[in-house]
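Chemist: just a sequence and a predicted model for now, questions to come.
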Amino acid sequence: MNVMATLFRPVGLHELSLLWDSNFRKFPPRLAHQPFFYPVTSAEYAAQIAAQWNVDDEASGFSGFVTQFRVADGYVSNFEPHVVGTGVHMEYWIPAEQLDSFNHAISDAISVREAFFGPRFVGYIPEGYGLRGKGAIEQFVILAKTWDYSGMDFVCEVSANRKAIYINSHFWVHHDFAAFGIDSERKRNVMDRLRQEWESDQVRIPLPAFPKGE
């Protein structure tokens, strides 16, 4: 029986988009100026980076997503862990040229467990249908209005823009849309309808849940 190590990695909007493209099976290649890939051993540490650094970083889309995944412990043991602060700040330095083999060692799909957003977050902007060229806030308002007048158009919009809906839904479950005439009950109804269509389309990557207490 293989022993698995649970690891975490904070990613920005662009990297999350690439994860979606891989069906959440692999992290994208490093850029030329990025010699290492840095998975960390603590969700707390990953959340600190996502909440304190990614949300202020334009290249991250002013957002940070904490991903979680499992890797065979026998594979991870080939790399030395590095403590870069307190005991919770432990990470692995995976050479960029070994990221492909690292991805192959990942068991199951990579998941998103937390998300953080800065005030300049715009979201993933799709290129087609009614959501084309719109930011995350306007997209949700359009979806709410679309459901009001045409359930079929709503279904088509969800099917056509799955990536945008998945990525931006992490923001929607936290955002207050009262200024747009959408109270918490209506927001929940729209999200519930999105989930129903998501399940009808048999999308294996789940939409995020509402924060506890809401």
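Modeler: Structure received. Residues are numbered from 1 along each chain as shown.
Chemist: is V112 bridged to anything, and to what?
Modeler: Per DSSP bridges, the residues bridged to V112 are T67.
Chemist: which pLDDT value goes with it?
Modeler: We have a pLDDT of 97 for V112.
Chemist: kindly report the same for E214.
Modeler: pLDDT for E214: 63.
Chemist: from now on call the first residue 54
Modeler: With the count now opening at 54, the last piece we talked about shows up as E267.
Chemist: tell me the spacing between T120 and K79.
Modeler: As defined by CB to CB, to the nearest Å, T120 lies at a distance of 12 Å from K79. Heads up, the C-betas are built off the backbone N, CA and C, glycines and all.
Chemist: for the chain, which segments are assigned as helices?
Modeler: For the chain, applying DSSP state H gives helices covering 66-74, 96-105, 126-129, 152-158, 189-202, 204-213, 215-225, 237-253.
Chemist: and the contacts of the fifth one?
Modeler: Think helix 189-202. Here helix 189-202 makes contact (CB atoms under 8 Å, 6 or more residues apart in numbering) with 174-177, 179, 183-184, 187, 206-207, 210-211, 217-218, 221, 224-225, 228, 230, 233, 235, 239-240, 243, 246-247.
Chemist: picking up where we left off before, out of the helices of the chain, nearest to Q87?
Modeler: helix 152-158 (9.8 Å; CB to CB).
Chemist: from W106, how far off is A100?
Modeler: Applying CB to CB to A100 and W106 gives a distance of 11 Å.
Chemist: ok, the two, which is more surrounded?
Modeler: A100 (19 against 14; other CB atoms under 10 Å).
Chemist: now do the contacts for that one.
Modeler: 63, 119, 167, 169.
Chemist: shaky segments in this structure?
Modeler: Applying pLDDT under 70 to the chain flags the ranges 54, 140, 265-267.
Chemist: rerun at 80
Modeler: Applying pLDDT under 80 to the chain flags the ranges 54-56, 137-141, 264-267.
Chemist: the domain parsing of it - what is it?
Modeler: With domains defined by automatic domain parsing, the chain comprises 57-170, 182-253.
Chemist: ok, now which ones touch the closest residue to A213 other than its chain neighbours?
Modeler: Nearest residue to A213 in three dimensions, chain neighbours excluded: Y182, at 4.5 Å (CB to CB, 6 or more residues apart in numbering). By CB under 8 Å, 6+ apart, Y182 lies in contact with 209-210, 213-214.
Chemist: now Y182: how far from G234?
Modeler: For Y182, the distance to G234 - CB to CB - is 23 Å.
Chemist: what's the answer for F122, then?
Modeler: In terms of CB to CB, F122 sits 39 Å off from G234.
Chemist: which one's more surrounded, the two?
Modeler: Taking other CB under 10 Å, F122 and G234 do not tie; F122 has more neighbours (23 against 10).
Chemist: give me the neighbour count for the nearest residue to that one once chain neighbours are set aside.
Modeler: Among residues not flanking F122 along the chain, I163 sits closest, at 4.4 Å (CB to CB, 6+ apart). Using other CB under 10 Å as the criterion, I163 is surrounded by 22 other residues.
Chemist: my read is that I163 contacts R78, right?
Modeler: Yes. Contact criterion CB atoms under 8 Å: I163 and R78 qualify, at 7.1 Å.
Chemist: fine by me, we can end here.
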